[in-house]
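1. quick check, what structure comes out for this input:
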Amino acid sequence: MEIFQNPYRKSDLRIDLPAQIPMPSVDSAKPLALLQQCPAATVTPLVDAADLAAKLGVASVSVKDERGRMGLGSFKALGAAYVIASDAAAAGGDLRRALNGRTYVTSSAGNHGLSVAGGAAVFGAKAVIYLSATVPESFAERLRKMGADVVRAGAIYEESMVAAVEAAEANGWSLLSDTSWGAYYEVPHLLMEGYNVLMAEVFDQIADVPTHVFLQAGVGGLAGSASAMIRDHWGDAVQVIVVEPDFAPALMASAKAGRAVVAEGPVSDMGRLDCKEPSMIALQGLCRDADVFVSISEEEAFAAQPLLEAAGLAASTSGGAGLAAMLAGYNLPKDARVLAILSEGIS
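-> Prediction:
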């Protein structure tokens, strides 16, 4: 485990990003109102993981369990589906047919693609999902069953993203990426706003303000959204720890470099977190809001899995990465009240 204290937190220092890149939204009212119109949009549970707290010798461990989110099995259901629902609402008329003739295209490491496919199917649109060679065929099959067209392109996520951008431009399709860069930020900013529902639910569910929050990150959308919501609602009392794979520490590497950089490393088993380039919106927000960037090894991620399963929290190495960092020996005081997110189940 590598631990890097965020030099931008409570500092006059600013990371070097394009001026137009916004901070993450902290509006939860709009996505809550829109998503409540979806029959599958139920609140996910906050679990008291007493066994994990006892093992760590801390006061409490609360886990937001996203494995049942909207039938898609991941927090990602809150993002792309919210963007598509917003487009349908703006189009007006019968929402189920509002987007007939429109095609959404994206690249995905797995769960984001499911959200695009699911949202497109609900509102009458089509979905084309580009997957790199590292994404399991099981995800491709799930996407096809939801009506999406699947295209394999590139060896890694970033290469499939380039292919998706090119396809959008060539075919006049709507690009719906969960990452942002200098010229593309409005859609992912709205998408991250959909994630705000998760922390809005936590605020209603949790009894005591946590002292430490562990947030796993790929491009950083969930971590950026949750951190902004935490600072807006709970202020500076909470320590926010952002967790990435050793093989893809894009946010940590960028914070060290003072600008957005591409991290290098082999393919990680934490596939949904195996993103070598950060979302600029997420990076902007996390440099303001996160206290610590942590990267964990493959071995540390695997070591957590039997402990999580025993606690009734079985997850992939991606879904349990925040908890894995905690279990790998992150220094927590005895009175710590920990919050973590189980972002997906076994894939």
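2. and the helix or strand harbouring residue 33, how far from the chain's centre?
-> Secondary structure from DSSP states H and E places residue 33 in helix 29-35. Centre-to-centre, helix 29-35 and its host chain are 18 Å apart (CA atoms, centre = their mean, to the nearest Å).
3. go through that helix and flag the buried ones.
-> Neighbour counts over helix 29-35 (16 or more other CB atoms under 10 Å) mark 30, 31, 34, 35 as buried. For glycine as for every other residue, the C-beta is placed from the backbone atoms N, C-alpha and C.
4. can you list contacts of the helix or strand that it is followed by?
-> Using DSSP H and E, the helix or strand that follows helix 29-35 in sequence is strand 46-48. Applying CB atoms under 8 Å, 6 or more residues apart in numbering, the external contacts of strand 46-48 come out as 60-65, 201-202, 205-206, 312-313, 342.
5. which one of these sits in the busiest neighbourhood?
-> residue 61 (29 neighbours; other CB atoms under 10 Å).
6. which strand or helix spans the closest residue to residue 144 other than its chain neighbours?
-> What sits nearest to residue 144 in space, not counting adjacent residues and going by CB to CB, 6 or more residues apart in numbering, is residue 150, at 5.8 Å. Here residue 150 sits within strand 149-152, counting by DSSP H and E.
7. what's the answer for residue 305, then?
-> Here residue 305 is covered by helix 298-310, with elements defined by DSSP H and E.
8. next, the buried residues of that helix.
-> By neighbour count on 16+ other CB under 10 Å, the buried set for helix 298-310 is 300, 301, 304, 305, 307, 308.
9. same check on stretch 10-21?
-> Neighbour-count burial for stretch 10-21, counted by 16+ other CB under 10 Å, picks out 15, 17, 21.
10. re earlier: helices or strands up against the helix holding residue 33?
-> The helices and strands touching helix 29-35, judged by 3 or more CB pairs under 8 Å, 6 or more residues apart in numbering; DSSP states H and E, are helix 80-91, helix 186-205.
11. can these go into JSON lines with extra columns for distance to residue 337 and mean pLDDT?
-> Shown next, in JSON lines, are those (distance: least, CB to CB, whole Å; pLDDT from 0 to 100):
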{"stretch": "helix 80-91", "distance to residue 337": "30", "mean pLDDT": "90"}
{"stretch": "helix 186-205", "distance to residue 337": "13", "mean pLDDT": "96"}
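12. okay, the ones you listed in a markdown table with distance to residue 146 next?
-> Formatted as a markdown table, these follow (distance: least, CB to CB, whole Å):
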| stretch | distance to residue 146 |
| --- | --- |
| helix 80-91 | 12 |
| helix 186-205 | 18 |
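13. which one, of those, ends up nearest to residue 129?
-> The closest of those to residue 129 is helix 80-91. By CB to CB, the value is 10.4 Å.
14. next SSE downstream of that closest one?
-> Per DSSP H and E, the first helix or strand lying C-terminal to helix 80-91 is strand 103-108.
15. now the helices: where do they sit in the stretch 151-300 of the chain?
-> Ranges of helices in the stretch 151-300 of the chain, per DSSP state H, counting those that start in this stretch, are 157-171, 186-205, 221-234, 250-257, 280-289, 298-310.
16. please verify my assumption that residue 216 contacts residue 318.
-> Yes. Applying CB atoms under 8 Å, one finds residue 216 in contact with residue 318, separated by 7.1 Å.
17. those two: which has the busier surroundings?
-> Set residue 216 next to residue 318 and count neighbours by other CB under 10 Å: residue 216 wins out with 32 against 25.
18. skip the chain neighbours and tell me the closest residue to that one.
-> Ranked by CB to CB, 6+ apart and with sequence neighbours excluded, the top spatial neighbour of residue 216 is residue 321, at 3.8 Å.
19. same thing with residue 26?
-> The spatial neighbour of residue 26 that comes closest, neighbours along the chain excluded (CB to CB, 6+ apart), is residue 232 at 4.3 Å.
20. thank you, goodbye.
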